[in-house]
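Trainee: coordinates only, no sequence provided:
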Ligand SMILES: Cc1cc2nc3c(=O)[nH]c(=O)nc-3n(C[C@H](O)[C@H](O)[C@H](O)COP(=O)(O)O)c2cc1C
């Protein structure tokens with residue numbers, strides 16, 4: 001049985017690229033990221049699971065200098081230069097009304113009806129599942145050879161007004177810069193807890 005698992009485990013190089021050697025970058029090399037690379041991130045992350053395949057994440061990829069300046073103006077001071085320097089920063093949001101899409105996203109049952117009239121439940125589901133999608137985003141970006149710089153230091157109301165004004169049911173979850181990270185911009189790796197510190201097997 002264990003052999004089956006070992007047959008499928010990724011190479012050490014792949015594990016290192018996704019986890020062990022991957023870092024959060026604070027500055028970026030002057031190397032562009034193509035739209036095809038952004039599509040590649042989406043095409044991987046969309047395959048990872050969300051509840052009832054609800055796929056609540058709504059992403060605005062901020063690439064132009066003008067839009068970067070608008071986004072940076074919504075961020076905490078420490079994040080402003082990072083957003084301006086990154087080739088792309090994704091505004092990872094979520095749709096409170098994701099259930100409207102369920103008839104085609106989850107066609108084998110009437111999942112839309114589960115969420116109708118339950119805005120609190122939708123908010124909870126959208127936030128939980130878009131957070132998962134944000135994590136899938138980071139791993140997908142690393143898998144295609146890019147680096148990430150996730151950020152939660154921003155004024156959410158300002159980001160919503162600036163980037164989701166036409167979609168009042170969309171809300172920002174977090175921001176994530178994407179590009180080729182400048183190795184000079186990382187801190188020493190912070191400690192990571194051993195299994196026994198935060199885990200219990202019962
Ligand atoms: C959701 C999220 C929000 C974060 N917000 C910020 C932020 O606003 N500003 C910042 O400089 N770093 C931010 N970070 C970066 C974290 O501090 C960093 O990912 C963590 O310390 C791990 O660093 P490492 O990947 O280099 O080991 C954020 C990370 C995540 C995942």
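Mentor: On my side now, so go ahead. As the structure is a computational prediction, the values presented were derived from the model and not from experiment.
Trainee: grab the longest helix from this structure for me.
Mentor: helix 119-143 (DSSP state H).
Trainee: surely residue 148 forms part of a helix?
Mentor: No - looking at residue 148 with DSSP: H, G, I helix; E, B strand; the rest coil, it is strand, so not inside a helix.
Trainee: for it, name its beta-bridge partners.
Mentor: residue 24, residue 178 (DSSP bridges).
Trainee: spit out the contact partners of it.
Mentor: 22, 24-25, 137-138, 141-142, 176-178 (CB atoms under 8 Å, 6 or more residues apart in numbering). Any C-beta I mention is one placed from the backbone N, CA and C, and that applies to glycine too.
Trainee: from residue 61, how far off is it?
Mentor: 13 Å (CB to CB, to the nearest Å).
Trainee: one more: residue 138?
Mentor: Distance from residue 138 to residue 61, by CB to CB: 15 Å.
Trainee: so which residue is dead centre in the chain?
Mentor: Of all residues in the chain, the one closest to the mean position by CA atoms, centre = their mean is residue 134, 2.4 Å from it.
Trainee: ok, now which ones touch that one?
Mentor: Here residue 134 is in contact with 57, 92, 150, 173-174, 176 (CB under 8 Å, 6+ apart).
Trainee: repeat that for 6 Å
Mentor: With contacts defined as CB atoms under 6 Å, 6 or more residues apart in numbering, residue 134 is in contact with 92, 173-174.
Trainee: looking at these, spot the one nearest the ligand.
Mentor: residue 174 (4.7 Å; CB to the nearest ligand atom).
Trainee: what does the protein put close to the ligand?
Mentor: Contact residues (CB under 6 Å from any ligand atom) of the chain with the ligand: 23-24, 78-79, 150-153, 174, 186, 189-190.
Trainee: if you set the cut-off to 5 Å instead, what comes out?
Mentor: Where proximity means CB under 5 Å from any ligand atom, the interface of the chain facing the ligand comprises 23-24, 150-153, 174.
Trainee: for the ligand, give me its nearest residue in this protein.
Mentor: Closest point on the chain to the ligand, by CB to the nearest ligand atom, is residue 153, at 3.0 Å.
Trainee: where do the helices sit along this protein?
Mentor: Per DSSP H, the chain carries helices over the ranges 2-8, 12-15, 35-45, 65-72, 77-85, 102-105, 112-115, 119-143, 156-163, 195-198.
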